[in-house]
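A.B. asks: using only what follows, build the 3D model:
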Amino acid sequence: MAISQESDKINSTILAEKDIISSVNEVMNSIENVASAVENLAT
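C.D. replies: Numbering: from 1, shown residues only. Alright, predicted model coming up:
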């Protein structure tokens, strides 16, 4: 019982970290899009 509870905790932690990573990636992509838009305006 305790072992499965621990693995559930670990799995939910991993899922949360994957969500955070994908959110960070989305933010980075947005920043890159803004940066390239600014570059296009500058040229």
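A.B. asks: going by C-alpha atoms from here, please, whenever you check contacts or count neighbours.
C.D. replies: Will do.
A.B. asks: tell me where this structure is predicted with low confidence.
C.D. replies: 1 (pLDDT under 70).
A.B. asks: what number of residues lie near Glu32?
C.D. replies: 12 (other Cα atoms under 10 Å).
A.B. asks: tell me where this protein has helices.
C.D. replies: 2-42 (DSSP state H).
A.B. asks: distance check, Glu39 against Ile3.
C.D. replies: Taking Cα to Cα, to the nearest Å as the measure, Glu39 falls 54 Å from Ile3.
A.B. asks: just Ile10 next, same as before
C.D. replies: According to Cα to Cα, Ile10 and Ile3 sit 11 Å apart.
A.B. asks: so those two - more neighbours on which side?
C.D. replies: Legend: neighbour count by other Cα under 10 Å for Ile10 and Ile3, higher for Ile10 (12 against 8).
A.B. asks: check contacts around the more buried one.
C.D. replies: Applying Cα atoms under 8 Å, 6 or more residues apart in numbering to Ile10 gives no contacts.
A.B. asks: next one: it from Ser23, what distance?
C.D. replies: 20 Å.
A.B. asks: how many other residues sit next to Ile31?
C.D. replies: 12.
A.B. asks: an error on my part: the question was meant for Ser36.
C.D. replies: Around Ser36 there are 12 other residues, counting by other Cα under 10 Å.
A.B. asks: try Asp19
C.D. replies: For Asp19, the neighbour count with other Cα under 10 Å is 12.
A.B. asks: what does the one 3 residues further on give?
C.D. replies: Using other Cα under 10 Å, Ser22 has 12 other residues around it.
A.B. asks: please apply the same query to Leu15.
C.D. replies: Neighbours of Leu15 (other Cα under 10 Å): 12.
A.B. asks: how about Asn11?
C.D. replies: 12.
A.B. asks: roughly how far does it sit from Met28?
C.D. replies: For Asn11 relative to Met28 (Cα to Cα), the value is 26 Å.
A.B. asks: do the same with Thr43
C.D. replies: 23 Å.
A.B. asks: between the two, tell me which one has more neighbours.
C.D. replies: When neighbours are counted by other Cα under 10 Å, Thr43 and Met28 differ, and Met28 comes out ahead with 12 against 5.
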